[in-house]
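1. with the sequence up front, the predicted model follows.
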Amino acid sequence: MDISKILKIGEKQYRSLPYDSYSSIKDFISSRLKYYKKYILKEKGKDDDTKEQDSDDMRFGNIVDCLKFTPDDFESRYQISSAEIPDSPQMIKFVKELIKLCIINTNDMGVLCGNLELLIEEAYNNTGIKQTKIDAWKEKFLIKKEGYDYFLELKDRKDRIIISPAELEWAQSIKDYMTNHPHVRDIMNCSSNDDYEVFDQIMLKGVINDVEVKMMGDRVILNKKKKLITPFDLKVMSNIEMFPYNYLKLKYYVQNGVYTTLLRQNFPEYEIPPIKFVTIDKYRQCEPTIVKTSEKQYQQAMNGFSINGRKYKGVNEALEEMKWHKEKGIWTSPKEIIDNNGFIDLILDNVDSE
């Protein structure tokens, strides 16, 4: 394996590379405007999957992922909370809204440009707090310091994600659980030796449909004798029996397409089957499962497919449309509508006609 093709950079450098990825392609398919604001305008705090907005499963899974595959990066990515988390869900919601406003109003030097009291009023209004008047809420927050230390901790975390000691303990237990479980321990414990090479958080770049694309995969295992490379991605979920649903809803199929394609591009001398997903139930209510994807599903991921009348856009079509939107500077309407001067055909799949 020509390891010179693997990017030898840190995660922050990888994130800053101006290439599209599974995440950006997924965002484009979900919403052109979201993609435009996030990746073209680079707006902060708007239509963005910020750390606070991540789903509980995604957040927890990322902690386990870091503990398992990049433990040396843990301290730079996470901060263990020392402030007391507010008991009131309303206060937590307010603090997170205030943090979003602070991010928007902080300049490139890290200086808050907005007036904090005005931002507090805006966060109060945005959160829809009705039981407490604004002056009483300010007194609670600024004078009585309810939620204030929590706010400061979140505000001063820099790029780190705040997690609780309980979250860390739970994530450690899941890491140990999957390391020892007979279904997945061979994958989790595999290390480089005479027969295998193992690469964690492998970073690659390539070109798909004339667009520069990057990937960072959880684990790649190379069988030297068989000239076989097998890619794995870890998914820690509340209910792993929901994986087929999430494969479509969260667009894991795009991940399948991007990862498999870039691996095959960079290492054409190896046999590379489509990605396998290692799914772990974070509540341990179901045994760990290795979900295999087929070559047909990989081709569908690249070229698109339909299920029950619903079309799922493939990686190639998404990248083609992204190129068009970037060239034209048009983001409000899909390419199809512009190409057809505002006309499209009404298509109703699986609808009985009289």
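-> Here it is on my side, so go on. Fair warning: this is a prediction, and the values are worked out from it, not measured in the lab.

2. quick one: the strands in the stretch 251-354 of the chain?
-> Ranges of strands within the stretch 251-354 of the chain are 276-281, 289-292, 305-307, 310-312, based on DSSP state E, counting those that start in this stretch.

3. give me whichever of those strands is most buried.
-> strand 276-281 (a mean of 21; mean count of other CB atoms under 10 Å). Where you see a C-beta, it was placed from the backbone N, CA and C, and this is true even at glycine.

4. against which helices or strands is that strand packed?
-> helix 165-180, strand 228-237, strand 289-292 (3 or more CB pairs under 8 Å, 6 or more residues apart in numbering; DSSP states H and E).

5. please identify which of these is closest to Leu67.
-> Among the helices and strands packed on strand 276-281, helix 165-180 comes nearest to Leu67, with 4.8 Å by CB to CB.

6. check contacts around Lys5.
-> Leu204, Asn266, Phe267 (CB atoms under 8 Å, 6 or more residues apart in numbering).

7. number of residues surrounding the second one?
-> Asn266 is flanked by 19 other residues according to other CB atoms under 10 Å.

8. before we move on, what about the last one?
-> A count of neighbours around Phe267, defined by other CB under 10 Å, yields 19.

9. what does Leu112 give?
-> Neighbour number of Leu112 under other CB under 10 Å is 14.

10. okay, it and Glu336: tell me how far apart.
-> 43 Å (CB to CB, to the nearest Å).

11. how near is Arg289 to Gly314?
-> Careful, residue 289 is Thr and not Arg. On the measure of CB to CB, Thr289 and Gly314 end up 26 Å apart.

12. and for Trp331?
-> Noted for Trp331: a distance of 21 Å to Gly314, by CB to CB.

13. same check on Asn193?
-> Taking CB to CB, one finds Asn193 at 38 Å from Gly314.

14. which one's more surrounded, the two?
-> Between Asn193 and Gly314, counting by other CB under 10 Å, Gly314 is the more crowded of the two (21 against 9).

15. look up the closest residue to that one, ignoring the ones flanking it.
-> Leaving aside its sequence neighbours, Gly314 sits nearest to Gly304 (CB to CB, 6 or more residues apart in numbering; 3.5 Å).

16. hang on, isn't that neighbour packed against Lys313?
-> Yes. Contact between Gly304 and Lys313 holds when scored by CB atoms under 8 Å: they sit 5.4 Å apart.

17. all the strands of the stretch 101-250 of the chain, residue numbers only.
-> So, for the stretch 101-250 of the chain - with DSSP E, counting those that start in this stretch - the strands run 161-163, 196-208, 211-223, 228-237.
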